[in-house]
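> Below are the sequence and a predicted model for it; my questions follow.
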Amino acid sequence: MCSGVRSRFTLLEVMIAAAVLAMAAVLATSVLGGARARILRAEKRWGREHILAQAAELYLLGGPRADVPEGLLPEGFSCQCSLTAVEEGLDEAGIEPQEGWVLGEFHIRVFDTSGNAMAECTVQKVVREDDCE
């Protein structure tokens, strides 16, 4: 037989359960928001590095005066390159051209739509002496 004891939740138990559930929802939203922000920052960094890599590849293959083909960079972005002969850190024999070839340093910069430099890199490569500024 039934003893007549009811198994109902008290108002206090329901309020505590609701508070725990609300705290869990706030915590989950906070974690997801932080993860989303980190993803957006990483995507932006990747985008800058990708555009810089595209420009570097263009200039390393085509030389410092290469024309930027349409569609290589996003609309409104631009890049520039200068090439100088490396003289610092080399001994006397390394500075002298070897059959018309020298160690050159490409200085590559990418500019955003407002004209501000957004990324840059330097790459050393053996180049024709005539190509250096």
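Okay, I see it.
> From here on, just use CA atoms for contacts and neighbour counts.
Noted.
> Just read off the phi/psi values of Gln124.
With angles defined as degrees, to the nearest 10, Gln124 sits at phi -100, psi 140.
> so which strand or helix has the residue nearest to it when sequence neighbours are not counted?
Nearest residue to Gln124, sequence neighbours excluded (C-alpha to C-alpha, 6 or more residues apart in numbering): Glu105, at 4.3 Å. Glu105 is located in strand 101-111, with elements delineated by DSSP states H and E.
> So which elements touch that strand?
Secondary-structure packing of strand 101-111 (3 or more C-alpha pairs under 8 Å, 6 or more residues apart in numbering; DSSP states H and E): helix 11-62, strand 78-85, strand 117-128.
> for those, which one ends up most surrounded?
Among these, ranked by average contacts under mean count of other C-alpha atoms under 10 Å, first place goes to strand 78-85 (a mean of 20).
> For it, the averaged confidence score.
The pLDDT scores in strand 78-85 average 94.
> what packs against that strand?
In terms of contacts (3+ C-alpha pairs under 8 Å, 6+ apart), strand 78-85 is packed against strand 101-111.
> Buried residues, the strand it packs on. List them.
Buried residues in strand 101-111, counted by 16 or more other C-alpha atoms under 10 Å: Val102, Leu103, Gly104, Glu105, Phe106, His107, Ile108, Arg109, Val110, Phe111.
> Return the member of these nearest to Val68.
Among these, Val110 lies closest to Val68 (C-alpha to C-alpha), at 11.7 Å.
> how about the nearest residue to that closest one, chain neighbours excluded?
Of all residues not flanking Val110 in the chain, Cys79 sits nearest, at 4.3 Å (C-alpha to C-alpha, 6+ apart).
> now Val123
Nearest residue to Val123, sequence neighbours excluded (C-alpha to C-alpha, 6+ apart): Phe106, at 5.1 Å.
> got a list of what that neighbour touches?
Leu60, Pro64, Cys81, Ser82, Leu83, Thr84, Thr122, Val123, Gln124, Lys125 (C-alpha atoms under 8 Å, 6 or more residues apart in numbering).
> With distance to Val20 added, can I get these in CSV?
Below are the contacts of Phe106 laid out as CSV (distance: C-alpha to C-alpha, whole Å):
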residue, distance to Val20
Leu60, 59
Pro64, 63
Cys81, 59
Ser82, 61
Leu83, 63
Thr84, 65
Thr122, 55
Val123, 56
Gln124, 59
Lys125, 62
